[in-house]
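K.L.:
no FASTA, just this:
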Ligand code: RET
C-alpha cells in the first residue's frame, strides 16, 4: 500500500519529470567532470559562511535596536544563502527537465537523461533571501513598513513566478508568460527603490550610502532575468556552468558586497539609522506620565 511519503515522492517525480535520483545528480555535479559547476555552489557556501561570521564580529558592539535589526536582516540574507547552496550541492534542489517543443534546448541530454539541468532551488530560495535585502535597504533609506512590506510581497511574487517559469514544461509560450509576469513584479520593486527610497534616503541623511547600495542592487538584480533569458532556461545561448557561475557571481555582488558595504556604515550607529532604546518595543519601558500615588 502506498504510504503518504511514497505518494509525495511520486508526485514530486511526476511534477519535476526527473528520473535521476539525488545521488545521481550529486554524482553528476561532483563526480569530477563538472568541477567548475561544483565550484559555483561550494564557493558561495564558503562566502555565505564568512559573511555570517563577519557580521557577527562587526556587529558585536551594536547597542541600538534599529541598527541591530538592520544587521540581523543582513545576516539572514547569508543564512538563507548557505542553506540554498547546500540544497544545490546535495542535489536536493536540482532536476533534469525536458524542455517543451520549440525550446532551443529541446532534445538535450544531461547525465544520460533527456533534459537540461535545472537549478530550481535558486529561484525557490530567492523567495526567502530577497525580502531580507529589501528590509535592510528600506530601513537604511528610512522608509515606512507599508513600502518595505510591499517590496517584500512583490519580490516573493517575482521569485515564485520565476520558479514557475523554470519548472513549466508543457508549453514554451507559458514559460515566457511566467517570465513576463515575474518581470512586471520586478519593475514594481525597481520603481520603489529608484523613486521612493532614493528620495527618502536623501531626507534621512543616508543618501550617499543608499546611492552605492542602489547601484549595486538595481544593476545586479537586472542581471538575473538577463541571465535567465540567455541561459538554458531561456534561449540556451549560455551553457549550464556559465549560467550557474553568472548567478553565483551576481549573488556575490547583490548579497555579500551589499552586506559588507551596509554593515560598515551600520556599526558606526549614526543618527540617520538609529531608532533609540525604545525602537520596536512591545511594552513601554519609560512611562510618559508619572504614576498616581
Ligand atoms: C527571474 C526570471 C523571471 C523574470 C525575473 C527574474 C528575476 C530575478 C531576480 C532575482 C534576484 C535574486 C537575488 C538573490 C539574492 O539572494 C526569476 C530570474 C525578473 C531579480 C538578489
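P.N.:
Looks like it arrived, so ask away. These numbers come from a predicted model, not from an experiment.
K.L.:
Which single residue in this structure comes nearest to the ligand?
P.N.:
residue 162 (2.3 Å; CB to the nearest ligand atom). Bear in mind the C-beta positions are built from the backbone N, C-alpha and C, glycine included.
K.L.:
which outside residues touch the host helix or strand of that residue?
P.N.:
For residue 162, the enclosing helix or strand under DSSP states H and E is helix 145-167. For helix 145-167, the external contacting residues (CB atoms under 8 Å, 6 or more residues apart in numbering) are 15-16, 97, 118, 120, 123-124, 126-127, 130-131, 134-135, 138-139, 175-176, 178-179, 181-182, 185-186, 188-189, 192-193, 196-197, 228, 233.
K.L.:
next one: stretch 61-78
P.N.:
48-49, 51-52, 55-56, 58-59, 129, 132-133, 135-136, 139-140, 255-256, 259, 262-263, 266-267, 269, 273-277, 279-281.
K.L.:
In space, what's closest to the residue nearest to the spatial centre of the chain - neighbours in sequence excluded?
P.N.:
Geometric centre of the chain, nearest residue: residue 126, 2.8 Å, by CA atoms, centre = their mean. In this structure, residue 126 finds its nearest non-sequential neighbour in residue 159, 4.4 Å apart by CB to CB, 6 or more residues apart in numbering.
K.L.:
Give me the number of neighbouring residues for that neighbour.
P.N.:
24 (other CB atoms under 10 Å).
K.L.:
mind checking pLDDT for it?
P.N.:
The per-residue pLDDT reported for residue 159 equals 98.
K.L.:
wait, does stretch 202-215 make contact with the ligand?
P.N.:
No. Judged by CB under 6 Å from any ligand atom, stretch 202-215 and the ligand are separated, with a smallest distance of 12.4 Å.
K.L.:
got the buried residues for that stretch?
P.N.:
By neighbour count on 16 or more other CB atoms under 10 Å, the buried set for stretch 202-215 is 204, 206, 207, 209, 210, 213, 214.
K.L.:
quick one: which of those is nearest residue 37?
P.N.:
Closest approach to residue 37 among the buried residues of stretch 202-215 (CB to CB): residue 213, at 30.3 Å.
K.L.:
so who does that closest one touch?
P.N.:
Contacts of residue 213 (CB under 8 Å, 6+ apart): 137, 140, 258, 261, 262.
K.L.:
what residue ranges in the protein score low on pLDDT?
P.N.:
1-4, 6-18, 286-293 (pLDDT under 70).
K.L.:
At the contact with the ligand, which residues of it appear?
P.N.:
So the chain meets the ligand at 123, 126, 129-130, 158-159, 162, 165, 179, 182-183, 186, 221, 224-225, 228, 251, 254-255 (CB under 6 Å from any ligand atom).
K.L.:
among those, which ones are buried?
P.N.:
123, 126, 129-130, 158-159, 162, 165, 179, 182-183, 186, 221, 224-225, 228, 251, 254-255.
K.L.:
Which ones among the residues you listed map onto helices?
P.N.:
123, 126, 129-130, 158-159, 162, 165, 179, 182-183, 186, 221, 224-225, 228, 251 (DSSP state H).
K.L.:
ranges for the strands of the stretch 51-200 of the chain?
P.N.:
95-97, 109-110, 113-114, 116-118 (DSSP state E, counting those that start in this stretch).
K.L.:
Check which residues of the last one are buried.
P.N.:
Looking back up the chat, that one is strand 116-118. 116, 117, 118.
K.L.:
do stretch 185-203 as well
P.N.:
Buried-residue list, stretch 185-203, by 16+ other CB under 10 Å: 185, 186, 188, 189, 190, 192, 193, 196, 197, 200, 201.
K.L.:
again with stretch 65-83
P.N.:
Neighbour-count burial for stretch 65-83 [16+ other CB under 10 Å]: 66-83.
K.L.:
swap in stretch 267-287?
P.N.:
So for stretch 267-287, counting by 16+ other CB under 10 Å, buried means 267, 269, 272, 273, 274, 275.
K.L.:
what do you get for stretch 35-48?
P.N.:
37, 38, 40, 41, 42, 43, 44, 45, 47, 48.
K.L.:
Please apply the same query to stretch 169-185.
P.N.:
Here stretch 169-185 shows 169, 172, 175, 178, 179, 181, 182, 183, 185 as buried, counting by 16+ other CB under 10 Å.
K.L.:
for stretch 141-148, same thing?
P.N.:
Across stretch 141-148, burial judged by 16+ other CB under 10 Å covers 141, 142, 143, 147, 148.
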